[in-house]
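>>> prediction below, plus the sequence it came from.
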Amino acid sequence: MNLDLLTIDAARSAVQERKTSAAALAESFYAKIESDDPKIGAFLTLSKERAMAKAAEIDALAAKGEKLPPLGGVPVAIKDVMVTKGVRTTAGSKILGNYVPPYDCTAVARLEAAGAVVLGKLNCDEFAMGSSNENSAWKPVHNPRDLTRVPGGSSGGSAAAVAADMAVATLGSDTGGSIRQPASFCGVVGTMPTYGRVSRYGLIAFASSLDHIGPLTKTVKDAAIVLRTIAGRDPMDSTSADIPVPDYVAELERPVRGLKIGVAKEYLGEGLDKEIRSAIEAAIQKLARQGCEIVDVSLPHTKYAIPAYYIVATAEASSNLARFDGVRYGYRAKDARTLSEMYRRSRDQAFGAEVKRRIMLGTYALSAGYYDAYYLKAQKVRTLLTRDFEDAFKKVDAIVAPVSPTAAFKLGEKVDDPLAMYLADIYTVTADLAGIPGISVPCGQTKEKLPIGLQILARHFDESTMLRVAQASEKAA
Amino acid sequence: MKVTEKDVAYVADLGNLELTAEERTRMVRDLNSILGHIDSLNELDTTNVPPMAQVSDRYGVDQSKQGSERFAYASREDIHEGLRKSLPHDVALENAPDSDGTFFKVPKVIER
């Protein structure tokens, strides 16, 4: 079976109609991973036993002629920040190098309950901290579209695996752009739902008020299928919202004619690469031709998003990462004589440079004497940034914007300049701070044939409109 | 320079990190560069702006109520071993770097 451009419905139907079996399909993906992944580096751990058991279950259903569940037999893979029972989960860090979780992340369990076959775990920046996947403790990921370039981050493995046809769909996580930016760099669809739409239970926490789980897929329809499967209230996560989940797939049928689409000048200004700008402008024109009304909006506090984000995110991270102390699980330094020495040395030896930098920045921002100046200030600015969106969404149904100021950059290009790396998150962090949904959908390529992503943002819990606009752009591209 | 070597040593201590001499020098440079950018937040007057700790404040919350009652939507029955059983003893110890089969083992706690 040709694995290129294989969508969820195509894979499921092939298994349902017994043109192939779920087991054979999984085997073909493993063969593809074995031959192609050495040069890409997307996978950290394969879960063959678990995958083949699930495939056998699906094949038994198909043999009996029963209707397969929505993801029946569909090969997927999971970012290594989501725990998987019995399958090593490292979060891209040495500190969890040998960690085998005793339970499953809710989103993964829901995918499997819907018939998905989990092939393995995907490379990412350590604890999802990074925009290039170069902060993985294990290996960098290479962009399948140009192996000298980064795939983006932190869900670099999740984007690369889909782009290289090594999985039909994957799960990633987004705290400051970590689903949307790699999706744009690799030319796939990356969806961040509203905060609280998908349970975070079993997601190794980076910044709890900003973390989201979402799908990376080849099409907008596949994004709708996966999101419909993983969304909804979970009693194990008290921040998961008790708000009904629409049938996102059915909603895609509704036309976009008459929708008001906002364009924010703050997202098309200085610092944006010219080729990206023209691709975004062309995409806006295509939406206008499909009957959308294009409206200028302003998000006046946008330039304060990065500083606010890097205080809030690191403060939460410094607190969340305090649990890694070498006592109950994970890496422990061998040579410590006392308990406090063991904590320090374990963390020193097993955390990478970026993780240490963020723990330091977050701890500094929360420390006595600086709390009001940094953390409290950033939380207040977070209110202003959220109000910007709330005001804009009184006038429009969705906002379109770039995802990243440039296309995929070269491996090593920004590795020595953390501030430059942070500043490149300018178009993505605000949605995380405000908790609104965002999606990146391919909208052309640069002269160097690097993919460009169009970002679409929508109101809290209105993923339906966001997905509809995304599909309209996808069809026009 | 806002952050000095001394500040870095103090904050590393709070964060349970040691950091090598080389890492400390690098950290002074990086933190100053990042905090320099973060200072732009002071251009904004936020005197009457409430802080936003979490997104869930903005939906599902009954604004007429006070304290934890505002978050009634998120409450659930407190059931012993209801949602998920506690991990069995042996499973809880499976990932332990050091254990005697009953407890997690750690180096000496009281230092002198």
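Looks like it came in fine. Numbers count the residues shown, from 1 in each chain, chains lettered A, B, ... in the order given.
>>> domains in chain A, as residue ranges please.
According to automatic domain parsing, chain A comprises the domains A:8-251, A:260-302+A:380-476, A:307-373.
>>> just name the most buried of those.
Comparing these by mean neighbour count (mean count of other Cβ atoms under 10 Å in any protein chain shown), domain A:8-251 ranks first with a mean of 24. Yep, even glycine has a C-beta here, placed from its N, CA and C like the rest.
>>> how far does that domain stretch from one end to the other?
Distance between the two ends of domain A:8-251: 17 Å, counting by Cα to Cα, to the nearest Å.
>>> how distant is it from the center of its chain?
Centroid separation between domain A:8-251 and its chain, computed with Cα atoms, centre = their mean, to the nearest Å, is 9 Å.
>>> for A:R344, which non-adjacent residue is closest in space?
Among residues not flanking A:R344 along the chain, B:E18 sits closest, at 4.6 Å (Cβ to Cβ, 6 or more residues apart in numbering or on different chains).
>>> tell me, how many residues neighbour the one you found?
Per other Cβ atoms under 10 Å in any protein chain shown, the neighbour tally for B:E18 reads 17.
>>> what are the boundaries of the helices in the stretch 251-400 of chain A?
Assigned by DSSP state H, counting those that start in this stretch, the stretch 251-400 of chain A shows helices spanning A:274-289, A:305-320, A:339-350, A:353-366, A:377-395.
>>> for the last one, packing partners?
Looking back up the chat, that one is helix A:377-395. When contacts are defined as 3 or more Cβ pairs under 8 Å, 6 or more residues apart in numbering or on different chains; DSSP states H and E, helix A:377-395 packs onto strand A:260-264, strand A:293-297, helix A:305-320, strand A:398-402, helix A:429-434.
>>> how does it look with 6 Å?
Secondary-structure packing of helix A:377-395 (3 or more Cβ pairs under 6 Å, 6 or more residues apart in numbering or on different chains; DSSP states H and E): helix A:305-320, helix A:429-434.
>>> out of those, nearest to A:S131?
Nearest to A:S131, of all the helices and strands packed on helix A:377-395, is helix A:429-434, at 10.4 Å by Cβ to Cβ.
>>> quick one: contacts of stretch A:398-412?
A:143, A:148-150, A:180-181, A:184-185, A:261-262, A:267, A:271-273, A:276, A:280, A:284, A:427, A:440, A:446, A:450, A:453, A:455-458, A:465, A:469 (Cβ atoms under 6 Å, 6 or more residues apart in numbering or on different chains).
>>> distance from that stretch to the middle of the chain?
14 Å.
>>> tell me the mean pLDDT for that stretch?
Averaging pLDDT along stretch A:398-412 yields 97.
>>> now do stretch B:35-52
In this model, stretch B:35-52 carries a mean pLDDT of 95.
>>> try stretch A:415-433
Averaging pLDDT along stretch A:415-433 yields 93.
>>> so it, near chain B or not?
Yes. Using Cβ under 6 Å from any Cβ of the partner chain, stretch A:415-433 reaches chain B at A:P418, A:L419.
>>> got the CA coordinates for that stretch in PDB?
Presented in PDB, the C-alpha positions along stretch A:415-433 are these (Å, rounded to 0.1, in the frame of the first residue of the first chain):
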ATOM      1  CA  VAL A 415      21.500  27.500  18.900                       C
ATOM      2  CA  ASP A 416      23.900  29.900  20.600                       C
ATOM      3  CA  ASP A 417      21.400  32.800  20.900                       C
ATOM      4  CA  PRO A 418      18.500  31.900  23.200                       C
ATOM      5  CA  LEU A 419      16.900  35.300  22.900                       C
ATOM      6  CA  ALA A 420      16.800  35.200  19.100                       C
ATOM      7  CA  MET A 421      15.200  31.700  19.400                       C
ATOM      8  CA  TYR A 422      12.600  33.100  21.800                       C
ATOM      9  CA  LEU A 423      11.800  36.100  19.600                       C
ATOM     10  CA  ALA A 424      10.900  33.800  16.700                       C
ATOM     11  CA  ASP A 425       7.800  32.700  18.700                       C
ATOM     12  CA  ILE A 426       6.200  36.100  18.300                       C
ATOM     13  CA  TYR A 427       3.200  35.000  16.300                       C
ATOM     14  CA  THR A 428       2.400  31.900  18.300                       C
ATOM     15  CA  VAL A 429       2.800  32.600  22.100                       C
ATOM     16  CA  THR A 430      -0.200  35.000  22.400                       C
ATOM     17  CA  ALA A 431      -2.800  32.300  21.600                       C
ATOM     18  CA  ASP A 432      -1.300  30.100  24.300                       C
ATOM     19  CA  LEU A 433      -1.500  33.000  26.800                       C
END
